[in-house]
Structure formats: structure tokens, C-alpha cells
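Engineer: just a sequence and a predicted model for now, questions to come.
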Amino acid sequence: MSHPGLGTEDAREELDAQRILAIDDRFDFDRRWHGWERTDHGARAHLHLHQPADRGVDVDKAADAVADLLDALGVDTAADGLADTPARVARSFAEMLTPEPFDVTTFPNEEGYDELVVARAIPFASLCEHHLLPFSGHAYVGYLPDERLVGLSKLARVVDHFSRRLQVQERLTAQVANFLQTALAPKGVGVVLEAEHLCMSLRGVKAEGSRTVTSALKGIVRDDPRTRSEFLSLAGTRR
Ligand code: ZN
């Protein structure tokens, strides 16, 4: 973890980031999962999210393991149509578990915009770490700006980034909120995720169509009743 080019004006944010990262250790949100680099170009600040070099998918090894799994499940892996399945499955998992590095560019809030910014119904899909089955739905991500603004498309990229790993919905929700709090230092952040878990709808209780809603609220979005209810109504989950 390194912070090249960190200017003195960002010293407070740096301290905040360290504090938040320390708090977030219980969510596995730290250097074991991704690295940060920060560079400042004039008024713009880039926060680069990336995977540490020592992580990655061994696709060939995964394909062998999928073939073994199919065999153990009693599947005739020599059957027509299954020849490429192990490699295909391995590549699918590799894609779903490999977050793409990207830059979160923030801009100075020159006009002093101080109302909620909310991106609604961002589609996302992730993999449940208990069953390796997908859970998917929509994310509602908002923040109350302070000195920095971020491009709206980046809110969706942040959700996608943290979705591409084995997850539980609660942790994914917290990681998106904690990252935005760290990267933007806004007055508040709100994240609501609504998802259907295939491990619930295809097996076990077979609660088809049931949706799980999780939320993580920070700062004024959590503490001020009016802002909180405004965010939650803007994030009104679709039924
Ligand atoms: Zn599950």
C-alpha cells in the first residue's frame, strides 16, 4: 500500500483513510484484498484501485478442478457438449472474481453543491462465498458532497469492483460505503443493496423471488433524520 504524491493538504484525508481502513478490518476490507494508490494532478485527485500482485486466478488449475468436481458429482465428463465445460467454467469464475483496476477521479466542489447525489438501481452481480452461487440485484449509492465530487459512473464502477470477489451482501454493502467515505471524504454516504440470492431461491428454503435488503449509512446520512429519510426514500427499493 503506497500513497505516492500525497500532498500536505490531503494529510487530514490520509489520516481519515487510515482510521477507516483500521475500523474496516473486521469486514476484510484492507490490504489483503486490494491496494490503493493516490496521485494528485492539480485540482483532480485520482484514487487507483487495484489487486495486489500476488492474487489472481490460475485458470488451468481451476479447469482441472472443475473436471474433478464434475466427475465427483457423477457427471460423464466425456459426454458430447461437456468437452469445453471445465475451461469455460474456469474462465467464468476468473472473470467474476477479478476486479478491474480503475481510477476514481474526484473534482473540487466549486459551486458548493450540498444536496444528496444518488445513483439509483445500479445493476450488480456477485458470488455468495458460502455456496459459490450468484446473488444479484440493484444498488442505490448516494453521498452528500463536501469538498469533492465524483463522476456518477464511478459509483457504479465501485459497486462492480467490490462485487467481483466471493462476498456476503452485508460486507459488500459496507465495503462500497467505506470506500466512498475514504475516497471522497463527503459529509455522508448511503448505500442500499437489494438482491436475490440463488442459494436461497434454487435450494434450501427455495424462497424464489425473495429479496434481501442491506444498508450502510455514514456521517450525516446516518445521523441527521431528515437527510437519512431523504436518502432512503430516493433509494426506495423497487418491488
Ligand atoms: Zn449462499
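Structural biologist: Arrived safely, thanks for sending.

Engineer: which helix or which strand is home to the residue nearest the centre of the chain?
Structural biologist: The residue lying closest to the centre of the chain (C-alpha atoms, centre = their mean) is Phe162, at 2.5 Å. Assigned by DSSP states H and E, Phe162 falls within helix 152-163.

Engineer: mind checking the pLDDT average for that helix?
Structural biologist: For helix 152-163, the mean pLDDT works out to 92.

Engineer: pull the CA atoms of it into CSV?
Structural biologist: Only the C-alpha atoms of helix 152-163 are listed here, as CSV (Å, rounded to 0.1, in the frame of the first residue of the first chain):
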residue,chain,number,x,y,z
LEU,A,152,-21.6,9.4,-11.4
SER,A,153,-20.4,6.4,-13.5
LYS,A,154,-17.7,5.8,-10.9
LEU,A,155,-20.3,5.0,-8.3
ALA,A,156,-21.3,2.0,-10.5
ARG,A,157,-17.7,1.1,-11.0
VAL,A,158,-17.1,1.0,-7.3
VAL,A,159,-20.0,-1.4,-6.8
ASP,A,160,-18.7,-3.6,-9.7
HIS,A,161,-15.2,-3.6,-8.2
PHE,A,162,-16.2,-4.9,-4.8
SER,A,163,-18.7,-7.4,-6.4
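
Engineer: which residues sit against that helix?
Structural biologist: For helix 152-163, the external contacting residues (C-beta atoms under 8 Å, 6 or more residues apart in numbering) are 49, 99-100, 102, 104-105, 117, 119, 122, 124-126, 139, 141, 172, 175-176, 179-180. For every residue, glycine as well, the C-beta is placed using N, CA and C.
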